[in-house]
Structure formats: structure tokens, C-alpha cells
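1. make a model of this:
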Amino acid sequence: MPVGLESGDRKFLIVSAALLVALTGATLLLEPPPEERSAGFPSSYSTAAGGGKAAYLLLGDLGYHVERWNQSPTDLPAGGDAVLVLANPLLPASSEERLALRQFVSAGGRLLVTGALGASLLGESGVKPRQGLFSSWRRFSAEPPSPLTRGAPEIAMRTGVRWPTLRSDQLRLYGDADGASVVSMALGRGMIVWWADSGPLTNSGLTESSNLSLFLNSVGPQISPLAWQGTPPKTAAGRVPTRVLWDEYFHGERVGLWSYLGRTPVPWFLLQLGLVFAGVIFSYGRRSGPLRPLVQESRLSPLEFVQTLGELYQRKGAAAGALEIAYQRFRDQLARRLGASPRAKPEELYRGARERLGWATPGLWETLQACELGVKDARLKNTRSLQLIQDLYDYGRRLGLEKGTSKQR
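-> Numbering: from 1, shown residues only. Predicted structure coming up:
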């Protein structure tokens, strides 16, 4: 028979459904259009508006030997025929990695780096970010004629980062009154191109103004792999970069997933989660396991009786009483073995042991005499009482008085 909902439950379901519909409608109304969404960083894997997959695939279509780079800068090729694209790096670099980047450029490589953190990877501290949100495209006109501005009279970026003060070896290509937005600099046999923002190479920014021309000029001229004959050809200007490395190392993609996660709080989270899970399992097992009665030791246990009796004698200091019990037991066993009266004197028992049992080992008579004196001594020490009791047990075993023992002389 179906059970109907109570009035309270029905109201709860109605309110929950109304909240769900309201939140869904608000999400649809307030969600920004696709062109205003951002992937956070221009990854070569991302197809979102802020991603860089379109630029990555375009380089391959144009004949560049393009590949993703997820290794440390210390593993960069040293030949110089390569371009490294550092599009909005997210993670800082160590001193060794910063040195490796500069050595890569000095050897003839080209580096395209964007953002304030990108400049810090090169040890440059002149970049100044401005406060505020910059969601709309801002236009920048080319300033001096340069191979990097060829075919790109105007570019568009969405950023507040500027490079206000430049050194003599740095060339300002685009900018405004607040500072430069595109800078080039020579380092050794190579070149560094810095952008204030990675917008010109993103999926949504390639089509803005002359951003595509700026991107291709910054990467450099390409040579088709079909023209390779062992080594990349040369031009009058020297060796031409043909290999493009799109960095994902500073986006967090390292050689292994666990090596990346090891730099995050994830291991500590997993450890805490494991401890909580173990606690839940232990608590559940304690509450849901089988019930077993506690084991109660018998109060008639021989060992417990002996231990309790010994503690009583020890507290009372009744060493003579303990010796009397052991001595009387020995006399009864020996008298029963000889067929004598339980009231027989010690000398009669000793004589019977010699004549009937053939006992010839000295010491028995002295032990019997010491026991006679000890049971009457109220100040008998525990050690002396224990020694005499052990001697009586030993004589009883050798005379065959204990059960399961044979007579030994």
C-alpha cells in the first residue's frame, strides 16, 4: 500500500524545486557570453576563448615543428635552433631554471614570454601591473619599424601590465602612456620577446586587429620540414629557428602527475582523508562487530590461589608459617612412605629413610633439624624460609615422595 507524503515533506520538496529553478535561471541570465569567458591560461590543450590550442595547431599547419614541452628548462636544447613559448606561466621558477632560460637564449634560441610572472622568470623586475579588471580589448599601435611589427600596425590586448622603464638594450615596440606592452631584447645570439598579455595568441585573440601577424613575427620565420637535409638550412642571417616548444611545464604539467601533485596540498589532503576513513571503519567495526562476553578468570585458579596466599604470607611476614606447611607436608609424605606414624619424630623419620629407603646422602638430617628450629622462629627471614622449602621439595623428589617421580639417591 503506497504511503503518502506528509505536509511538511511536501512543503520541503516544493521549496527545494523552486530554489533549483531560480538558481538555474540566474545562472543562465548572469553567465557571460562565450567570448568573455577565460580558461585562466593559454594552454595548448584548451579550446576555450582564453586557450591556446588554435595557435598551437596553426603553427603545425604553417610548417613549424611544434611540440609541447613539459620538462624543466634545464633540459632545453642547447643548439639554438628553437623557439620557446612561455604563455602566461603560472608557477615560479627556481634559480637554476631562470639561469637555464637565459642560457637557452644566449645560445641562439628565441623566447616568447608573456605576463608579469613571465618577466620575473627572466629576472626582470621593471614590469608593473596596474590595479583593476581589464575585460575589454585595448588597442596599441606599432611604434618603431621592426621585423616584429611587420604587417601588424595595431594589436589588441586585455591587460593592465606595463613595462614603464626600459634599458638601452631593450626596444619598445607597442605601448601607451603608462609604459610598453611589447618589448624585444637581444641576449647573446638569441632574442627575447615579451608581451604584457597572452591575448594575441589565444583562441579569441588571434582574430583581433593584427594579433596573428604579431604572433607569427614573434615566433620567427618558418621552414618546411620537407626542406630539411640532415640539419636545418641557413640563411644570410644565420641559423633559422624551426622548432617551436610550447611550454606546459610552468602551467603545471610536469613529467608525472604525482610529481606535480607533490607540490600541492593534495598529499596532505589524501593523508587526512585516509585517517578519517580509517577512523570511520574502526568506529563502524566497533559498533557493528560481533558481541563476545568478557573472559572471567576463575577465582579457584590454582595459580591465583598460590599467588594470593604468597602475598598474604609476605604482608604478614609469616615466613615460619609457610615453612611449617611445607615441612608438615614433607613429614606426612615420608611417614606414609615408611609406614610410620604421622607423629613420628624427625630422628625416627631419618633413621627409616636410611634403613628402609637406603638413603646415604648427607644433608637430610641437617635440613630436618633446621626446619624444626625454623618453624618455631617468629623472626625467620623470607630468604631462609624459601631455601629450606626448596631443599624439602628437592629431597621429596629424590626420595620419590612426589607423584610421578622416581627415587634418586
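2. tell me the helices in the stretch 301-409 of the chain, going along the chain?
-> Secondary structure of the stretch 301-409 of the chain (DSSP state H, counting those that start in this stretch): helices at 302-316, 319-338, 346-355, 364-374, 382-398.
3. the chain now?
-> Across the chain, reading from the start of the chain, the helices by DSSP state H fall at 7-30, 53-61, 95-106, 115-121, 211-219, 257-261, 266-288, 302-316, 319-338, 346-355, 364-374, 382-398.
4. dump the helices of the stretch 301-409 of the chain into TSV; add mean neighbour count, mean pLDDT and distance to W163 as well.
-> The C-beta positions use only the backbone N, C-alpha and C, and glycine is treated the same way. Below are the helices of the stretch 301-409 of the chain laid out as TSV (neighbours: other Cβ atoms under 10 Å; pLDDT from 0 to 100; distance: least, Cβ to Cβ, whole Å):
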stretch	mean neighbour count	mean pLDDT	distance to W163
helix 302-316	11	70	89
helix 319-338	18	86	99
helix 346-355	16	86	116
helix 364-374	17	88	106
helix 382-398	17	88	95
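5. give the contact list for the closest residue in space to G352 that isn't next to it in sequence.
-> Leaving aside its sequence neighbours, G352 sits nearest to L338 (Cβ to Cβ, 6 or more residues apart in numbering; 4.1 Å). The neighbours of L338, taking Cβ atoms under 8 Å, 6 or more residues apart in numbering as the test, are A344, L349, G352, A353, R356, L357.
6. hang on, the earlier thing: could the helices of the stretch 301-409 of the chain go into TSV alongside distance to K128?
-> Supplementary listing: the helices of the stretch 301-409 of the chain in TSV, determined by distance: least, Cβ to Cβ, whole Å:
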stretch	distance to K128
helix 302-316	85
helix 319-338	95
helix 346-355	113
helix 364-374	102
helix 382-398	91
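7. which of the ones you listed sits closest to A152?
-> A152 lies closest, by Cβ to Cβ, to one member of those: helix 302-316, at 98.4 Å.
8. which secondary structure element of this protein has the lowest mean pLDDT?
-> Sorted by mean pLDDT, DSSP states H and E, the helices and strands of the chain end with strand 234-235, the least confident at a mean of 43.
9. how distant is stretch 76-91 from the center of its chain?
-> Shown here is stretch 76-91, whose average C-alpha point lies 30 Å from the average C-alpha point of the whole chain (Cα atoms, centre = their mean, to the nearest Å).
10. now do it, average pLDDT.
-> Taken as a whole, stretch 76-91 carries a mean pLDDT of 85.
11. and if you look at stretch 182-189?
-> Mean per-residue pLDDT for stretch 182-189: 92.
12. output that stretch as CSV, nothing but the C-alphas.
-> Provided in CSV are the C-alpha atoms of stretch 182-189 (Å, rounded to 0.1, in the frame of the first residue of the first chain):
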residue,chain,number,x,y,z
VAL,A,182,55.5,44.6,-26.2
VAL,A,183,59.3,44.7,-25.7
SER,A,184,62.2,42.9,-27.5
MET,A,185,65.7,42.5,-26.3
ALA,A,186,68.8,40.7,-27.5
LEU,A,187,70.7,38.3,-25.3
GLY,A,188,73.8,36.7,-26.6
ARG,A,189,73.0,35.2,-30.0
